[in-house]
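**Student:** test case, fold it:
(chains A and B)
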Amino acid sequence: MGELLSYDEAVELKNKKFLEEEADVCIIGSGAGGSVMAYELSKAGKSVIVLEAGDYWKKSDFNQMEIDMSRELYWEKRQIKTEDSYLGISAAKMVGGGTGVNDGVARRAPADNLERWVGQGAAGYSRADLDPYYEKAEKMMHVRQYDYSFWNKNNQLFFDGMKKATPWEAWPAPVYIVSCHRSGFCNLGCKYNSKQGTFLTYLPYAITNGVRLFAKTEATGIELNDKGEAHIVEAQTYADTPGYPPIEMKIKAKIVLLCAGAVYSPVFLQKAGLMNSNSQVGRNLATHISTVFLGVHDDEVLAYRGTPVLTDRNLPYPEYNLLLEANFTFPMEMADIIPGWGEEHKDIMKKYNRMQGIYVTVAEDAMNGKIEYDEKTDSPKIFKPMTDNDRNWIDKGRSIAKDMFESVGAKEIFESSAVTAHPECSNRMGSEPKQSVVNLHCESHDIPRLFIVDAGVFPWPVAVNPSLTVMAIAHKTAEYLIDDPKGYF
Amino acid sequence: MILESFSEVIIPSGSDPAKDPGAKDTCVVEFIDRLLDNDKVQVQKAIKSYLKELNRHCLKSKNKSFTELEPENQKKFLKLFEKSNQKRFSWLKRMVMGAYYSNYQPEGYQGVSVWQTIGYLGPMTWAEMTWDMSNPVYEKEQEVKEAVQL
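**Tutor:** Okay, here's the model as predicted:
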């Protein structure tokens, strides 16, 4: 039986300076993609090692304090600002990755959205192709929905407003949240184990299957063999005791899976000087550009309490390229995204507990962003200009949000600066090596035996929250690897 | 000193600081210093350089350091600095806002908490928790085949 690093191993590890391991598969990143791969491949009898830069968190470790959890659970304290300071991008850093801190929304991508994936050359990724894999993920993640009566006021106002003011009806959101305690702290880690991060679902099974997971272990590079194939993963693992230096690791593997997310997978590759023969690594970034609209009511809304997102709606494409959802955020982030400062800003913040939040997201935004590794700051530099098209969509969304707010009695409306939580397409898949980073089986065009399985491989933005689609792609890729048509194992 | 003056303009005190504290009253700079002590060296250097740059701009345009300006002129200067140095300004603003709305209270602080001023309850207490297995709301929890197949 496999295990997280046991106490005896940890003690032994502290005394080592160098650790050598060998496995069939080495996975970098334990988020939506990495967890599924670890589970499926270990179930098929492969030996698997998972490296996760973040820490392993139990429910009792989450303290619901924004100042603490934003620093601990995310890269760059929860906000990587784009170079024009216009967008904030979040990337999780913990065992379970983004599934530990997202809102748990688990929607399948709409069929017409995936038709556009196929149109981008991603044959085999239609809705019909992915449905069996979606089903696997939904089962494993205990996806369910909650009734209107369970929703907090923010969600109910969203639903009522859409019904009164628009031709559409909001949908109940499928979520991977079980017996929700309605605290509202999904984005800071669920201290009730209600929100089903993959560290509660796929990973425990994976570990039972023999997977070894090294938390606080950062991959630093990949050595290639004589044939230019991925061969050895180099990493540093950190003992927790002060005064102990990091331990160098080398993991020899037949297959390397890079699942570090749409931001940190390209950063890793660029830092390691790998696979940029076509300059596509880190390019084509889409981010689900969003604007938060806030309506102030006379009475308390307490939008931060209760399950954050239980209703949303994709508006019809192509007339509206928008996803609207009921959502809200905590004071520190809210203060950051509300423009302005001084007395006026303070007065807006004093209305915090009477605010209702509607997130308006450009569902398929321009793939015009790029990610570069900045050696000076040892962090990503992200460029994501907002196009006129993006602005036009947000304008449409503004008008709809305004009507929704007014129909449910909001007295004032404020608008945030742009935010985003869903970077994607930065290591896109495709059959043309000059225009993509990985092929349709998620294998690198440049480096055989190196696969990338995270939201970065999307060939086109997904029109919904991406985690379920990442899991579906991971199931599909695992199936391919288990079939082993190239004889890698 | 520059950071303190900057934070006072970003989040000013109200007419009664005990009931409407600003960044100065809640010693935001003290908290920022503690946070930066634990931050990457690159972050510490970046913040120092942004503050230096702010002051350099001020000296160039106003012939005075930022701390020497009157509050009203500090406000005017920051509005211009924000436009011309969006990235640096937004970093500094975010740092001050984050420290303030983290609800830090220095030793001996007697005023209302920042969270009280905005009506934020903070972490959920056991007393507040409404989870109850016998609560009929939980009986409506259901599997969701229909909703996902859109």
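**Student:** could you use CA atoms for every contact and neighbour count after this?
**Tutor:** Will do.
**Student:** spell out which parts of the stretch 251-400 of chain A neighbour chain B.
**Tutor:** A:331-333, A:335-336, A:341-343, A:346, A:349-353, A:376-377 (CA under 8 Å from any CA of the partner chain).
**Student:** who are the contact partners of the residue of chain B found nearest chain A?
**Tutor:** Proximity of chain B to chain A (CA to the nearest CA) peaks at residue B:118, 4.3 Å away. Residues near residue B:118 by CA atoms under 8 Å, 6 or more residues apart in numbering or on different chains: A:349, A:350, A:351, A:352, A:353.
**Student:** and the residues of the stretch 251-400 of chain A next to chain B, which of them are buried?
**Tutor:** When these are checked for burial by 16 or more other CA atoms under 10 Å in any protein chain shown, the buried set is A:331-333, A:335-336, A:341-343, A:346, A:349-353.
**Student:** which among those gets closest to residue A:146?
**Tutor:** Taking CA to CA as the measure, residue A:353 is the one of those closest to residue A:146, at 23.5 Å.
**Student:** separation between the closest one and residue A:253?
**Tutor:** Using CA to CA, to the nearest Å, we find residue A:353 at a distance of 52 Å from residue A:253.
**Student:** only alpha carbons, please: show stretch A:30-47 as PDB.
**Tutor:** Taking C-alpha atoms only, stretch A:30-47 is exported to PDB below (Å, rounded to 0.1, in the frame of the first residue of the first chain):
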ATOM      1  CA  SER A  30      -1.600  17.200  -8.000                       C
ATOM      2  CA  GLY A  31      -4.600  19.300  -9.200                       C
ATOM      3  CA  ALA A  32      -7.500  18.300 -11.300                       C
ATOM      4  CA  GLY A  33      -5.300  16.800 -14.000                       C
ATOM      5  CA  GLY A  34      -2.600  15.300 -11.900                       C
ATOM      6  CA  SER A  35      -4.900  13.600  -9.400                       C
ATOM      7  CA  VAL A  36      -7.000  11.900 -12.100                       C
ATOM      8  CA  MET A  37      -3.800  10.600 -13.900                       C
ATOM      9  CA  ALA A  38      -2.400   9.400 -10.600                       C
ATOM     10  CA  TYR A  39      -5.600   7.500  -9.800                       C
ATOM     11  CA  GLU A  40      -6.100   5.900 -13.200                       C
ATOM     12  CA  LEU A  41      -2.500   4.900 -13.900                       C
ATOM     13  CA  SER A  42      -2.000   3.400 -10.500                       C
ATOM     14  CA  LYS A  43      -5.300   1.600 -10.800                       C
ATOM     15  CA  ALA A  44      -3.900   0.100 -14.000                       C
ATOM     16  CA  GLY A  45      -0.900  -1.200 -12.100                       C
ATOM     17  CA  LYS A  46       1.700   1.500 -12.900                       C
ATOM     18  CA  SER A  47       4.000   2.800 -10.200                       C
END
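**Student:** that one - what's its average pLDDT?
**Tutor:** Stretch A:30-47 carries an average pLDDT of 98.
**Student:** sorry, back to before: next, format the buried ones among the residues of the stretch 251-400 of chain A next to chain B as TSV and append pLDDT.
**Tutor:** Formatted as TSV, these follow (pLDDT from 0 to 100):
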residue	pLDDT
A:331	97
A:332	96
A:333	93
A:335	95
A:336	92
A:341	96
A:342	96
A:343	95
A:346	96
A:349	97
A:350	96
A:351	97
A:352	97
A:353	96
